[in-house]
Every structure is written in structure tokens, then in C-alpha cells.
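# sequence and predicted structure are below.
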Amino acid sequence: MKIATWNVNSIVARLPLVLRWLDEAKPDVLCMQEIKCVEDKFPAMAFEELGYKTAAFGQPSYNGVAFASRFDIQNVKRGFTGAEPGDHSRLIAAEINGINIVNVYIPNGSEVGSDKYIFKLNWMNRLRLFFKERYSQTDPVLVCGDFNVAPEDRDVHDPAKWVGNVLVSPRERASLEQIRAWGFIDAFRLFTESSGAFSWWDYRQGAFQKNDGLRIDHIWVTKSVAERCQSSWIDKEPRSWERPSDHTPVIVEIATGKE
DNA sequence: ATGGTTGTAAAACAA
């Protein structure tokens, strides 16, 4: 079973690339972030024509998360429990083929110390509590998405250049580690220890051509899922296509016993 | 370079 995560940066603008990638990479599940549209505008039919069911949680213009899956998408949960009006659409969870998949778009944070930075840290704390209240560490749980944090310096092309910036600041990294410590393992790091593997490159300054990127998109799994992970990798190719998202897909292959 | 690029949506704002 192949599960992928991709911040598509507008599903309406990116639909041709997303469909092309689904056709070529053939993941069983694609978790998307930044769909940037309400559910009514989500192009569900285009996914159905490729054999994918969908579930989306959107809002106008910003944020938004969605699943596309060859398997049934069961027990869909949109947003945190106790969500309030005006909350961003940044989390969608569901049970897919026996795995509890939580698809998140963690806030960017803008600048260290800003209101948006505090909002990011608070949102990450709510995410930590979401796992605590909803799942057990022995459950098969997979959380993936645009975490907007590079966990370590080896996840940054030029760490010195990023000191003092969001995505790498110590408080964000500590908050991310608190989430991970509930019971997650970074699936990508089960298979690749080296630096230089990134999932996002800024649109500016030819960052992609210089591989001046960050690894901020992640797939984390609980122990029972980790034991079934067969491989995990980043597919850089869609970042090189015309009119790309600034992110590229991260994939994990999980044994289900049905293959 | 207080710039640079892209998306939404129609002027800033978010990333």
C-alpha cells in the first residue's frame, strides 16, 4: 500500500500536475494540503475518473486539506474536536484500509515571535493533544502532511542561512519533537540517514536548481505501522514540471499482506 | 537587494 503526501498549493491550479502524478506514481492514497478552495470547488470528478474517492476539508482561498484514495475513506473527521467558527481547515483524519491517517497542514508561522508564530505553536500543541485524546500508541496511526518544520539541520540545505527563521527555530523543533514523542517514527528516516533530501524549495532565486531546499513534509507512523514500512522516498520530479507546486510528494510503501 | 515568486482574487495577504 503506497501512501503519499503533497502540498499542492491550490488543487484548482495544480489539477493537471496532480492527475499526471497519480497516473504515473499510482499511490493508493494521496494526502493533499493547501487545496485553497471550499469543498464545492474541489474537483472530485477528475479524481473519480482515475479511480480515486475523495474527502476534502476546505475554506475559501487559504489552507484546506484532502484525501484521494483507491480504498474507502471511513470515519472522516474534519478539524480538531471542539473546533470553533473561524478555525482554519488544516486537519482531516480518516480510517483507510485499516490505518488511521491524519492529514495536516501545520501553520507556516510567518516570522519568529510574530502573532502567526504563536498561532503555529498553539496549533501544534492542539495537534499533540488530538493524538492523545483520540488514539493509542498501539493503534496503527499515520500522520503526514506539510509540517512546516525541518526537524534537524540535516533537513536544511544551508542551516547557517536559516538561523532565526521560521521552519527551523528551536521552539518549533521542540514543539514538533513533543508531538513525535507521543509515539511516532519518521518513516523517511527509517531508510535515509543522509542530508540533502528535501521536499520544498522556494519559488525564488532558482532554489530548486540549486537544491536549496528544506525537508518540511513528513510521514510519521506508530510502531505497528513502522514494522510494515518497506520504503519511503521523496519524488523530486513533479517539482521540475511546468507550473509546479513549491512542494513535491513524499511517499511511503507499507506492507498490508494483501499484495 | 526591506528583493526575489506564486496563488487567490481583484488590493493585499499568505507562503
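All right, it came through fine.
# what separates the closest residue to A:Ser199 other than its chain neighbours from A:Pro244, distance-wise?
In space, and not counting its chain neighbours, A:Ser199 is closest to A:Asp217: 3.8 Å by C-beta to C-beta, 6 or more residues apart in numbering. In this view, the C-beta of every residue, glycine as well, is placed from N, C-alpha and C. Using C-beta to C-beta, to the nearest Å, one gets 14 Å for the distance from A:Asp217 to A:Pro244.
# so the two - more neighbours on which side?
A:Asp217 (25 against 18; other C-beta atoms under 10 Å).
# how about the residues of the stretch 101-250 of chain A by DNA strand B?
Contacts of the stretch 101-250 of chain A with DNA strand B, taken as C-beta under 7 Å from any atom of the strand, map to A:Pro107, A:Asn108, A:Ser110, A:Lys116, A:Tyr203, A:Arg204, A:Gln205, A:Arg243.
# so which of these is the most crowded?
Counting by other C-beta under 10 Å, top hit in these: A:Pro107 with 20 neighbours.
# shouldn't that residue be in contact with A:Ile118?
No. Contact between A:Pro107 and A:Ile118 fails when scored by C-beta atoms under 8 Å: they sit 10.0 Å apart.
# what ranges do the strands span in the stretch 101-250 of chain A?
Secondary structure of the stretch 101-250 of chain A (DSSP state E, counting those that start in this stretch): strands at A:141-146, A:185-186, A:200-201, A:213-214, A:217-221, A:229-234, A:250-254.
# ok, back up a step: of all pairs in the residues of the stretch 101-250 of chain A next to DNA strand B, which one is the farthest apart?
A:Lys116 and A:Arg243 (27.1 Å; C-beta to C-beta).
# list the residues that contact the single nearest residue of the stretch 1-150 of chain A relative to DNA strand B.
At 3.1 Å from DNA strand B, A:Ser10 is the closest residue in the stretch 1-150 of chain A, using C-beta to the nearest atom of the strand. Contacts for A:Ser10 were tallied using C-beta atoms under 8 Å, 6 or more residues apart in numbering; they are A:Glu34, A:Ile35, A:Lys36, A:Cys37.
# what's the single longest helix in chain A?
Looking across chain A with DSSP state H, the single longest helix is helix A:115-134.
# C-alpha coordinates for it, CSV please?
Listed in CSV are the C-alpha atoms of helix A:115-134, where the atom choice follows Å, rounded to 0.1, in the frame of the first residue of the first chain:
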residue,chain,number,x,y,z
ASP,A,115,1.3,36.5,16.2
LYS,A,116,1.3,33.9,13.4
TYR,A,117,4.3,32.2,15.1
ILE,A,118,2.5,31.9,18.4
PHE,A,119,-0.6,30.7,16.5
LYS,A,120,1.6,28.0,14.9
LEU,A,121,2.9,26.8,18.3
ASN,A,122,-0.6,26.8,19.8
TRP,A,123,-1.9,24.8,16.8
MET,A,124,0.9,22.3,17.2
ASN,A,125,0.0,21.8,20.8
ARG,A,126,-3.6,21.2,19.9
LEU,A,127,-2.3,18.5,17.4
ARG,A,128,-0.3,16.8,20.2
LEU,A,129,-3.5,16.7,22.3
PHE,A,130,-5.5,15.4,19.3
PHE,A,131,-3.4,12.2,19.2
LYS,A,132,-3.5,11.8,23.0
GLU,A,133,-7.3,12.0,23.2
ARG,A,134,-8.1,10.1,20.0
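# off-centre distance for that helix?
15 Å (C-alpha atoms, centre = their mean, to the nearest Å).
# hmm, who's touching that helix?
By C-beta under 8 Å, 6+ apart, helix A:115-134 touches A:80-81, A:88, A:90-91, A:93, A:102, A:104, A:106-111, A:141, A:143, A:148, A:166, A:169, A:171-172, A:175-176, A:178-179, A:182-183.
# which among the residues you listed count as buried?
Neighbour-count burial (16 or more other C-beta atoms under 10 Å) applied to these gives A:80, A:88, A:90-91, A:93, A:102, A:104, A:106-107, A:109, A:141, A:143, A:148, A:166, A:169, A:171-172, A:175-176, A:179, A:182-183.
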